[in-house]
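Trainee: Provided below are the primary sequence and the corresponding predicted coordinates.
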Amino acid sequence: MSEVDKVGRYFRDHARQFDSIYEGKTRIGRWLDRRFRSSIFIRYALTFEHAGNLEGKSVLDIGCGPGRYSVEFAHRKAARVLGVDISDEMIEIAKGEARKEGVEDGCEFRLADIFSARLQETFDVVIAMGVFDYVREPQTLLVPMREYCKPGGKVMASFPKWDLIRAPIRRWRYKIKNCPVYYYTHERTAEVLTSAGLGDQIIKDIPGRGQDWFVCCQV
Ligand SMILES: C[S@@+](CC[C@H](N)C(=O)[O-])C[C@H]1O[C@@H](n2cnc3c(N)ncnc32)[C@H](O)[C@@H]1O
């Protein structure tokens with residue numbers, strides 16, 4: 001089984017569990033997520049802070065998962081939002097979320113592997129949040145992200161931060177479930193962005209162990 005298949009299967013089996021981080025669960029579950037998975041909420045806030053005015057803009061949401069970002073882009077009046085994910089279960093949740101929020105006309109969700117998707121359009125904003133964790137060779141995603149982005153547009157992503165305690169534990173937990181995970185130092189994040197031709201970089205350290213680097217690049 002290829003690595004992409006392993007990741008797709010993992011997120012088919014864990015789609016609802018992942019989405020429940022955003023809402024749902026018990027009060028204690030929510031408290032634990034806010035405490036130990038705060039990166040998910042911080043990177044979400046940073047994305048919209050850095051996206052600026054979205055009215056009339058087009059957005060590509062790579063690894064859209066349950067569509068929480070796509071739906072918010074549509075709420076903020078983006079003219080076109082395309083969410084792509086390799087997990088059929090995630091795509092179903094995303095479509096349901098867009099329907100529930102009354103933005104289904106503004107969002108398209110497509111079941112596809114981004115590495116072979118060959119999209120025939122470019123976008124003002126291209127994001128991949130929580131996706132580089134599962135990508136062995138970052139250039140294979142960063143270069144298409146730059147190419148899918150219009151000149152003057154923005155590429156935003158999160159990169160999982162290497163640390164000596166939580167990163168190995170998480171890697172081991174995912175290994176048991178047959179899903180690969182990769183990590184980045186600040187230096188390595190800057191290096192992979194630069195070699196993908198993404199020079200105008202903001203790299204923000206989301207504080208805490210086992211959190212992310214938030215990245216925003218002007219194309
Ligand atoms: C941790 S989830 C993040 C979902 C969403 N971006 C968010 O932050 O709420 C990662 C998502 O990336 C998707 N993904 C991973 N590799 C992919 C690929 N090669 N093509 C498309 N989607 C992919 C997974 O299926 C999963 O839904």
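Mentor: Happy to help now that I have it.

Trainee: contacts, neighbours, all on C-alpha from now
Mentor: Will do.

Trainee: now the helices: where do they sit in the chain?
Mentor: 3-13, 15-19, 27-36, 38-51, 68-75, 88-100, 139-148, 166-176, 186-195 (DSSP state H).

Trainee: Which positions within the shortest one qualify as buried?
Mentor: The one in question is helix 15-19. For helix 15-19, burial by neighbour count (16 or more other CA atoms under 10 Å) applies to 15, 19.

Trainee: Residue 219 reaches residue 154, doesn't it?
Mentor: Yes - counting by CA atoms under 8 Å, residue 219 touches residue 154, with 5.9 Å between them.

Trainee: Please say which of those two ends up with more neighbours.
Mentor: residue 154 (23 against 19; other CA atoms under 10 Å).

Trainee: Pretty sure that one sits against residue 124.
Mentor: Yes - counting by CA under 8 Å, residue 124 is a contact partner of residue 154 at 6.4 Å.

Trainee: Residue 92 - nearest residue in space that isn't next to it in sequence?
Mentor: residue 66 (7.8 Å; CA to CA, 6 or more residues apart in numbering).

Trainee: May I have the phi/psi pair for the one you found?
Mentor: phi -80, psi 10 (degrees, to the nearest 10).

Trainee: show me the contacts for it.
Mentor: Residues in contact with residue 66 (CA atoms under 8 Å, 6 or more residues apart in numbering) are 15, 19, 90-94, 97.

Trainee: give me that answer again for 7 Å
Mentor: Taking CA atoms under 7 Å, 6 or more residues apart in numbering, we find residue 66 in contact with 19, 90-91, 93-94.

Trainee: For the protein, what lies in contact range of the ligand?
Mentor: Contact residues, the chain versus the ligand (CA under 6 Å from any ligand atom): 4, 7-8, 11, 63-65, 68, 84-87, 90, 112-115, 129-131.

Trainee: Buried among those residues? Need that as a selection in ChimeraX.
Mentor: Filtering the residues of the chain next to the ligand down to the buried ones (16+ other CA under 10 Å) takes a single ChimeraX command:
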select :4,7,8,11,63,64,65,68,84,85,86,87,90,112,113,114,129,130,131
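
Trainee: Surely residue 83 touches residue 65?
Mentor: No - counting by CA atoms under 7 Å, residue 65 is not a contact partner of residue 83; they are 8.2 Å apart.
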